[in-house]
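Trainee: Turn this into a model:
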Amino acid sequence: MMFFHFLIGFVDVWVAGRLGKDVQASMGIMTQALFFFLIVAIALANGSVAAISQSYGAGLMLRVRRYIGLGLEIGAVLGVVFLAAGLLLKDVLLGLLQIPEDILPVAEYLLSVFLYILPGYYLLIICNAFFRAQHKVMIPLYSMMIVTVANTFGDLAFGLGWWGFPAFGYKGLAWTTFGAVLCGVLFNLFILYRQGFLQRKSFAPWRWVKRAFPYLFKVAWPAGLMQVVWHSAYLVLFAITAALPVGSVVALAGMSAGLRVESLLFLPGVAFNFTASILVGNHLGRGDVQGAKRIGYQVLLVALVSVGLLTMILWQVIEPVAGFIAPDPEVSSEAVNYLRFNMAAIPFLLVAMILGGALTGAGATLYQMFGMGAASWLVRIPLAYLLGHLVIGAATGIWMAMFISMVIQAGIMFYLYQYKDWSKFAQRKSKSTAQQPIS
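Mentor: Now for the predicted structure:
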């Protein structure tokens, strides 16, 4: 599933690079801005994974059904709310991002279309979380395959004008994303209907919602705040890069291209993050606290070995890969510069991601928020400005700050996972199933 996520972003940036470095830079910034608006959806998905995986592990299928119904209701409402808020605050966001004047029209158009995607994207993310939490992992895989095929066809056909279709350039890329997400959402809703989750009994009475919502909220708000902290830090990092005294557009385009290549390593980490969340949640639902802690480390070990080998292989072909996704020589060179620092940080990133996923499965998103937030705002941002603007005076200083912050972030997350009692955040099946704390 995460490989298809990679293909979506890779094709977007590859096509954008063929349309010019201004489009490639704008696509990178606006994609990050879209993720910022998806924060609440990701938070709700994290809360749903914790609640549903623990309920599923405990065999409470009615609770599973009702959490799915509640998640759909909240997701649909919030998608519309953030669409409206985004349209009202669009100009403010564009100003905060310090976007260079020569790429502002492209960035503004991309942001406008991306905002209309929000309701559908909310449901896509949340529905995929529902299926994963029940071990139905093939369904979100098929969903992302559909999105990938639709996105790839649309980018090539309506972005570049292949196969005789009209070439709309960056406008074609934007509306292709809209159509691809819509295809994935319709597929997910159809499967939920076929499996009986869209029936009236999935939508619980108010008295149940009043009792169930507090746990969902307890898990979701730190996860949401963590996403705010994480993605706002990335947006500030883009702004720091955009404000470089020289070569800002090249640096932005190089960062955008580098992020897409890096995602080939980052997204498998996300897959292991999801796996850790589900398995830890299931173990805690059964009352097996020590098994939950052990399975988190087992997932981490597999991730370090498999993604580590992939990183070593990719390192050997880093320059031709960067040149393929960014044909402009200056952009390609900066993408390689970005990747050298960030690929070296992959082992540290994996530690933070997988142990963070395990904490999510336990409902301990408060710990995850603290670990990620401290590394992002107390280390990465001030260090990026210091090294990028005052010491080195180039994008290399920003990439160096990213590496250092990932090392510190890994240390914080390991400490929280190993030494803190995160099992206390899990649901209890009943008062008689209280679990022993993690030692």
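Trainee: for the protein, which spans come out with low pLDDT?
Mentor: 98, 427-439 (pLDDT under 70).
Trainee: and stretch 387-406, which residues are buried?
Mentor: Within stretch 387-406, the residues scored as buried using 16 or more other C-beta atoms under 10 Å are 387-389, 394-406. Quick note: C-beta positions are derived from backbone N, CA and C, even for glycine.
Trainee: so how far is it off the chain centroid?
Mentor: 23 Å (C-alpha atoms, centre = their mean, to the nearest Å).
Trainee: Look at it and report the distance between its end residues.
Mentor: End-to-end span of stretch 387-406 (C-alpha to C-alpha, to the nearest Å): 16 Å.
Trainee: What is the nearest of the buried residues of stretch 387-406 to Arg294?
Mentor: Met406 (25.2 Å; C-beta to C-beta).
Trainee: for the strand or helix carrying the closest one, packing partners?
Mentor: Here Met406 sits within helix 395-419, counting by DSSP states H and E. Judged by 3 or more C-beta pairs under 8 Å, 6 or more residues apart in numbering; DSSP states H and E, helix 395-419 is in contact with helix 206-242, helix 248-285, helix 329-344, helix 346-361, helix 365-373, helix 381-385.
Trainee: And the contacts of the shortest one?
Mentor: The contact list for helix 381-385 (C-beta atoms under 8 Å, 6 or more residues apart in numbering) reads Ala233, Val236, Leu237, Ile240, Gly397, Ile398, Ala401, Met402, Ile404, Ser405.
Trainee: Nearest to Asp102, out of these: which one, please.
Mentor: Of all the contacts of helix 381-385, Asp102 sits closest to Ile240, with 18.8 Å by C-beta to C-beta.
Trainee: Could you measure from the closest one over to Pro382?
Mentor: From Ile240 across to Pro382, the span is 10 Å (C-beta to C-beta, to the nearest Å).
Trainee: Compare those two (neighbour count), which wins?
Mentor: With neighbours defined as other C-beta atoms under 10 Å, Ile240 and Pro382 compare such that Ile240 has more, 22 against 12.
Trainee: quick one: contacts for the more buried one?
Mentor: Applying C-beta under 8 Å, 6+ apart to Ile240 gives the contacts Ile381, Ala384, Tyr385, Gly388, His389, Ile398.
Trainee: Show me the two of those residues that sit farthest apart.
Mentor: Farthest-apart pair in those is Ile381 and His389; separation 11.8 Å (C-beta to C-beta).
Trainee: Output the contacts of Ile240 as CSV; include the columns distance to Ser423.
Mentor: Shown next, in CSV, are the contacts of Ile240 (distance: C-beta to C-beta, whole Å):
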residue, distance to Ser423
Ile381, 33
Ala384, 36
Tyr385, 39
Gly388, 41
His389, 44
Ile398, 38
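Trainee: Would you mind writing the CA trace of whichever strand or helix holds Thr31 as PDB?
Mentor: Per DSSP H and E, Thr31 falls inside helix 21-37. In PDB, the C-alpha atoms belonging to helix 21-37 read as follows (Å, rounded to 0.1, in the frame of the first residue of the first chain):
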ATOM      1  CA  LYS A  21      11.200  23.900 -11.800                       C
ATOM      2  CA  ASP A  22       8.500  26.500 -10.800                       C
ATOM      3  CA  VAL A  23       5.800  23.800 -11.000                       C
ATOM      4  CA  GLN A  24       8.000  21.200  -9.300                       C
ATOM      5  CA  ALA A  25       8.700  23.700  -6.400                       C
ATOM      6  CA  SER A  26       5.100  24.600  -6.100                       C
ATOM      7  CA  MET A  27       3.900  21.000  -6.100                       C
ATOM      8  CA  GLY A  28       6.300  20.200  -3.300                       C
ATOM      9  CA  ILE A  29       5.100  23.100  -1.100                       C
ATOM     10  CA  MET A  30       1.400  22.600  -1.800                       C
ATOM     11  CA  THR A  31       1.500  18.900  -1.200                       C
ATOM     12  CA  GLN A  32       3.000  19.600   2.200                       C
ATOM     13  CA  ALA A  33       0.200  22.200   2.800                       C
ATOM     14  CA  LEU A  34      -2.400  19.600   1.800                       C
ATOM     15  CA  PHE A  35      -0.900  17.200   4.500                       C
ATOM     16  CA  PHE A  36      -1.300  20.100   7.000                       C
ATOM     17  CA  PHE A  37      -5.000  20.200   6.300                       C
END
